[in-house]
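Trainee: need a structure here:
(2 chains)
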Amino acid sequence: MLNTSYRLFVLLGTVLAVAIVLSLALGPVSISLQNLVMVLLRAVGFDVASTPALEQAQLIVSQIRLPRALLGLAVGAVLALSGVAMQGLFRNPLADPGLIGVSSGAALGAAVAIVGGAMLGGISEAWSPYILSICAFAGGLGVTALVYRLGRRDGQTHVATMLLAGIALAALAGAAIGLFTYLADDATLRTLTFWNLGSLNGASYARLWPLLLITFAVALWLPRRAKALNALLLGESEARHLGFAVEKLKRELVFCTALGVGAAVAAAGMIGFIGLVVPHVLRLAVGPDHRVLLPASALAGASLLLFADLAARLLLAPAELPIGIVTALIGAPFFLYLLLKSRF
Amino acid sequence: MLQARQLEVRRGPCAVLRGVDLDLRAGRVTGVLGANGAGKSTLLSALCGELPLAAGEVLLNGRVLADWPDQLRAQHLAVLPQHSTLNFAFRVEEVVGMGRLPYATGRQVDVEIVAAALTAVDSGHLLGRSYLQLSGGERQRVHLARVLAQLWPGGEGQVLLLDEPTSMLDPLHQHSILQAVRAFADQGGAVLVIVHDLNLAARYCDDLLLLHKGTVFSSGSPDQVLRAEPLHEVFGLDVLVQKHPERDHPLIIAR
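Mentor: Model (predicted):
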């Protein structure tokens, strides 16, 4: 058992390393492996003879592809981790981070920022990405907090009520987004639509840091609750009888997911299916033990998103597909396949 | 070891449990009997702190239950609910191993305890199987092994609460499971078990508690409780009570 998981982690680590290298090397301008190694050597302090190709490679890698790869890595990892957390919270292997309203809240926040900003006469180019991110993040957190409040009764959180409240609020948010869509002019509409399809385009270090920090925190925090999550799968009372503070655990799971998904959506738009599919596949491979499942999902989620981004960049090069289309194209049929196979 | 004084539980305006006194003592198995809806499961939930009390108190080893730190309480009190909703493909030994989560006894010890607990409920052969592929009765035995592992090997100061542990079992396993429960009590632990089969209760319980409409109708030894009149009163069932021809306990036969 332990041996199997070591082998799995070596495999997932290798796949992720390959995904990162390919993300840095491939694109409209291909960078040779030799130059990539030189750039990396230089980055860690080696003295490397300069050539024009190397200088160009360094510029592309450090300014465009590295932030983009880091963004993909963080978004993929945090979405997969949130998926595990939600499937544990709802004790249902088909649960998705979107269930607690964080995605619809973030989409509403983004619509407010994009359309509202345009109606107020336009926000300056330099600021608009930040305002968009902040509004999306706040929207996700706000709606999730509301869903959590609605699920509470007599000091207890009822996850079934939360689930239904999440559906109701998602519908409300959808109506509000529809209203903004109706009010928007053509250019704004285009921004809004593309944002909803998700993209790692336009990654910059300034917008990357908050997401990296949150991903790091979530990736450190959730594995500390792996045993409690295992017990929670038995049922809430059972987990309580095994000595776990279940109410606190549920609050932490909702909070981690709201932060993680909120930050991911704020940085890269709506990217579906990672949180659903990645934990699912890994559960088939290593079983439902969260001590293995959580770190494995983080690694696999990061890899999958990087590969999806590669596909999004290369399939129609030099044009670029929104990554949400790619993940949905991979994710939806796969999800159907799992449903029909019916062994979770 | 687990004492309840004047327990009252309300659901909305009506009291579903009133004035229940209970004393679970070391080395003894206490059976709870009663018709459907008499308040048996409510009593069990109240005893383990799952339901808020409208009045009364529950003491575990002399200390109010709510004052126990979570993890320490889990090392002294284990509960088997009537139904389980586990819907994930854990292997059998992983499910039983969750009983060891309140401890840090190390992998080696835990593996041994898991195997011993599984053997105790006659399920050693299920080792390595996926939980989702088990039958209802097998799952019930695995969960009993889990709560046994949580208190393994059992001793003074430890309490086991079981809600209908035999409801899905074949006749042989109804006996072997209750023998395992009996063995746990013989180590010094205290057990409360909800059962429907009066003859199983007569054979394996030291004390019985007959619940009727949320109150204690009668309590005492099987000989005192399992008489025709109270059983008719509570279950509306006419029975003959005789002596078991080989063992001394009462034998209940429906007329």
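
Trainee: Contact distance from chain A - what residues of chain B qualify?
Mentor: Residues of chain B lying close to chain A by CB under 8 Å from any CB of the partner chain are B:48, B:50, B:70-75, B:77-79, B:81, B:84-91, B:94-95, B:98-99, B:101-102, B:132, B:150. All C-beta atoms are positioned from the backbone trio N, CA, C, and that covers glycine.

Trainee: Please indicate which of the residues you listed are buried?
Mentor: Restricting these to buried positions leaves B:48, B:50, B:73-75, B:77-79, B:81, B:84, B:86, B:88-91, B:94-95, B:98-99, B:101-102, B:150, with burial counted as 16 or more other CB atoms under 10 Å in any protein chain shown.

Trainee: Give me the subset of the residues of chain B next to chain A lying in helices.
Mentor: B:70-74, B:94-95, B:150 (DSSP state H).

Trainee: Quick check: the farthest pair among those?
Mentor: Farthest-apart pair in these is B:L72 and B:E94; separation 24.0 Å (CB to CB).

Trainee: circling back: make CSV from the ones in helices among the residues of chain B next to chain A and add distance to A:V218 and pLDDT to it.
Mentor: Formatted as CSV, those follow (distance: CB to CB, whole Å; pLDDT from 0 to 100):
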residue, distance to A:V218, pLDDT
B:D70, 24, 94
B:Q71, 25, 94
B:L72, 30, 95
B:R73, 30, 95
B:A74, 27, 95
B:E94, 25, 95
B:V95, 28, 96
B:Q150, 30, 95
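
Trainee: Among these, which one lies nearest to chain A?
Mentor: B:A74 (3.0 Å; CB to the nearest CB).

Trainee: Now for that closest one: which residues touch it?
Mentor: A:241-243, B:101-102, B:150 (CB atoms under 8 Å, 6 or more residues apart in numbering or on different chains).

Trainee: Tally up the residues packed near the closest residue in space to it that isn't next to it in sequence, please.
Mentor: With sequence-adjacent residues excluded and distances taken as CB to CB, 6 or more residues apart in numbering or on different chains, B:A74 is closest to A:G243, at 3.0 Å. By the measure other CB atoms under 10 Å in any protein chain shown, the count of residues near A:G243 is 21.

Trainee: Dihedrals phi and psi, A:G243?
Mentor: For A:G243, the backbone dihedrals (degrees, to the nearest 10) come out as phi 90, psi 20.

Trainee: gap between it and B:G137?
Mentor: According to CB to CB, to the nearest Å, A:G243 and B:G137 sit 28 Å apart.

Trainee: cool, B:Y204 as well?
Mentor: Distance from B:Y204 to B:G137, by CB to CB: 18 Å.

Trainee: For these two, indicate the residue with more neighbours.
Mentor: B:Y204 (24 against 17).

Trainee: just checking, that one touches B:G31?
Mentor: Yes - applying CB atoms under 8 Å, one finds B:Y204 in contact with B:G31, separated by 7.5 Å.

Trainee: isn't B:E57 right up against B:V64?
Mentor: Yes - with contact defined as CB under 8 Å, B:E57 reaches B:V64; the gap is 6.0 Å.

Trainee: mind listing what residue 242 touches?
Mentor: I went with chain A, as the question did not name one. A:231, A:234, B:74, B:98-99, B:101-102, B:150.

Trainee: You answered for a different chain; I wanted chain B.
Mentor: Here B:Q242 is in contact with B:250-251, B:253 (CB under 8 Å, 6+ apart).

Trainee: Kindly report the residues of the stretch 1-150 of chain A close to chain B.
Mentor: Residues of the stretch 1-150 of chain A lying near chain B (CB under 8 Å from any CB): A:91-93.
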